[in-house]
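# structure for this input, please:
(2 chains)
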Amino acid sequence: AQSVTQLDSQVPVFEEAPVELRCNYSSSVSVYLFWYVQYPNQGLQLLLKYLSGSTLVKGINGFEAEFNKSQTSFHLRKPSVHISDTAEYFCAVSDLKGRRALTFGSGTRLQVQP
Amino acid sequence: NAGVTQTPKFRVLKTGQSMTLLCAQDMNHEYMYWYRQDPGMGLRLIHYSVGEGTTAKGEVPDGYNVSRLKKQNFLLGLESAAPSQTSVYFCASSSFAATRVGYTFGSGTRLTVV
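I've put the predicted structure just below:
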């Protein structure tokens, strides 16, 4: 079984400042890692994913994440945020075999202030 | 457009009523999932299916049943709705072909049980 912990439920930040959203996971098997964004009253949109290879993954809208196997972390970063980045962000993992279902963290609400 | 379609998008039920949520995908995916989203809890897996004719329980299956009679459809049923089932429900399907691992989500069904 897997579990995902998003360490911050809310992150307020000023526009054009950098941001890091933290994600730690626990799993006894190898996993794939994902970040999704959800804008108000909308569905889930994939930001980026780590399957294998380079531990630095670049996604859409200027976001990137780094997989750290020893620390079992997959933190999401953006060097300069915009008002339009205000949304809820979910970290998720899936196992490579078996049910292959996504296990989600509880989410981090990013609030970008002018 | 290829993707996952959920119907209905909104529904209000009275306690004790029953209903079925329909999820349809046209990407020939083997795996399909039903999640519920509640504030502060992320998305939690209700049931899933690894292929036509097979279903299995996720983390929060109580009060729900599912069927996958056709590969492209995954139905979620509530036999006797309770206020605790007020939530937003998301369906997803997934592909694990080589490097094209990905999950496609529907736009969600907002269910209120009064």
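
# residues near the residue nearest to residue A:20 when sequence neighbours are not counted, how many?
Spatial nearest neighbour of residue A:20, excluding adjacent residues (CB to CB, 6 or more residues apart in numbering or on different chains): residue A:77 at 4.9 Å. C-beta here means a position set from N, CA and C on the backbone, and glycine is covered the same way. Using other CB atoms under 10 Å in any protein chain shown, residue A:77 has 15 neighbouring residues.

# now swap in residue B:101 and tell me
17.

# now the helix or strand containing the residue nearest to residue A:20: buried residues?
Element membership of residue A:77, judged by DSSP states H and E, is strand A:73-78. Neighbour-count burial for strand A:73-78, counted by 16 or more other CB atoms under 10 Å in any protein chain shown, picks out A:73-76, A:78.

# so what pairs up with the residue of chain A found nearest chain B in the strands?
For chain A and chain B, the shortest gap (CB to the nearest CB) falls at residue A:104, measuring 3.9 Å. Beta bridges link residue A:104 to residue A:92, judged by DSSP bridges.

# over to residue A:76?
residue A:21, residue A:65.

# that one contacts residue A:47, correct?
Yes: contact criterion CB atoms under 8 Å: residue A:76 and residue A:47 qualify, at 7.2 Å.

# between those two, what contacts are shared?
A:35, A:63, A:65, A:89 (CB atoms under 8 Å, 6 or more residues apart in numbering or on different chains).

# hmm, the residue nearest to residue A:20 is touching residue A:63, no?
Yes: the pair residue A:77 / residue A:63 is scored as a contact, 7.1 Å apart, by CB under 8 Å.

# looking at the shared contacts of residue A:76 and residue A:47, state which has the most neighbours.
residue A:65 (27 neighbours).

# who's in contact with the closest residue to chain A within chain B?
When you check chain B against chain A by CB to the nearest CB, the closest residue turns out to be residue B:42, at 3.9 Å. Going by CB under 8 Å, 6+ apart, residue B:42 touches A:4, A:90, A:104-107.

# burial of the closest residue to it other than its chain neighbours, as a residue count?
Taking CB to CB, 6+ apart, and ignoring the residues beside it in sequence, residue B:42 has residue A:104 as its nearest neighbour in space, at 3.9 Å. Other residues near residue A:104 come to 22 when the count uses other CB under 10 Å.

# so residue A:104 sits against residue A:94, correct?
No: using CB under 8 Å, residue A:104 is not in contact with residue A:94, being 10.1 Å away.
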